[in-house]
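Chemist: Sequence below, structure please.
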Amino acid sequence: MDEDVNQIQIVIETGILRRLAPLLTHKEVEKALFVLGNVTTSTYARSLLLNQNVLQYFSPLLLHPKEQIIQNALWILSNVMSGSVDGVQIVIDAELFQFIVLHLDKVEKLSY
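Modeler: Have a look, this model is predicted:
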């Protein structure tokens, strides 16, 4: 676990997080989502990303035709909401909760 935290810290220190948000609109969004999903396991990285208004890019991702992209977007949102009433409120305020509900019927199909 400490190794994971160290690796996340290295990613944070590169300054790449501020450049990831705009990549969420790129047609090759998968790699950006993978990085975001991993770093959002860190509370500090989560707050940095939220300060970059990263959630503004999520509506189209949650309606994407590729299930893998939807799955990764939901994973990131679950990381944002995990253990924090504030995190849940941020997702609600970003008007993304409706998309989560939309995908509840697909939960059994998605493998995490």
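Chemist: Low-confidence bits of this structure, can you list those?
Modeler: 1-5, 107-112 (pLDDT under 70).
Chemist: What segments of the protein are helices?
Modeler: 2-14, 17-23, 30-39, 43-51, 58-61, 67-81, 85-93, 97-102 (DSSP state H).
Chemist: Same list (these) but as a markdown table, adding mean neighbour count.
Modeler: Every residue, glycine included, has its C-beta placed from N, CA and C. Output for the helices of the chain, formatted as a markdown table (neighbours: other Cβ atoms under 10 Å):
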| stretch | mean neighbour count |
| --- | --- |
| helix 2-14 | 12 |
| helix 17-23 | 15 |
| helix 30-39 | 18 |
| helix 43-51 | 16 |
| helix 58-61 | 17 |
| helix 67-81 | 20 |
| helix 85-93 | 14 |
| helix 97-102 | 14 |
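Chemist: who touches stretch 55-66?
Modeler: Contact with stretch 55-66 is made by 21, 24-25, 29, 33, 69-70, 73-74, 76-77, 80, 90-91, 94-96, 99-100, 102-103, as judged by Cβ atoms under 8 Å, 6 or more residues apart in numbering.
Chemist: Quick one: distance of it to the chain centre.
Modeler: For stretch 55-66, the separation from the chain centroid amounts to 10 Å (computed by Cα atoms, centre = their mean, to the nearest Å).
Chemist: For Thr40, see how far away the residue nearest the centre of the chain is.
Modeler: For the chain, the residue nearest the mean C-alpha position is Ile76 (2.7 Å; Cα atoms, centre = their mean). As judged by Cβ to Cβ, to the nearest Å, Ile76 and Thr40 stand 5 Å apart.
Chemist: Quick check: Gly87 touching Ser78?
Modeler: No. Contact criterion Cβ atoms under 8 Å: Gly87 and Ser78 do not qualify, at 9.5 Å.
Chemist: For Val29, grab phi and psi.
Modeler: Torsion angles at Val29 (phi, psi; degrees, to the nearest 10) stand at phi -80, psi -20.
Chemist: ok, now Gln52?
Modeler: phi -90, psi 10.
Chemist: Please name the nearest non-neighbouring residue to it.
Modeler: Ala21 (4.8 Å; Cβ to Cβ, 6 or more residues apart in numbering).
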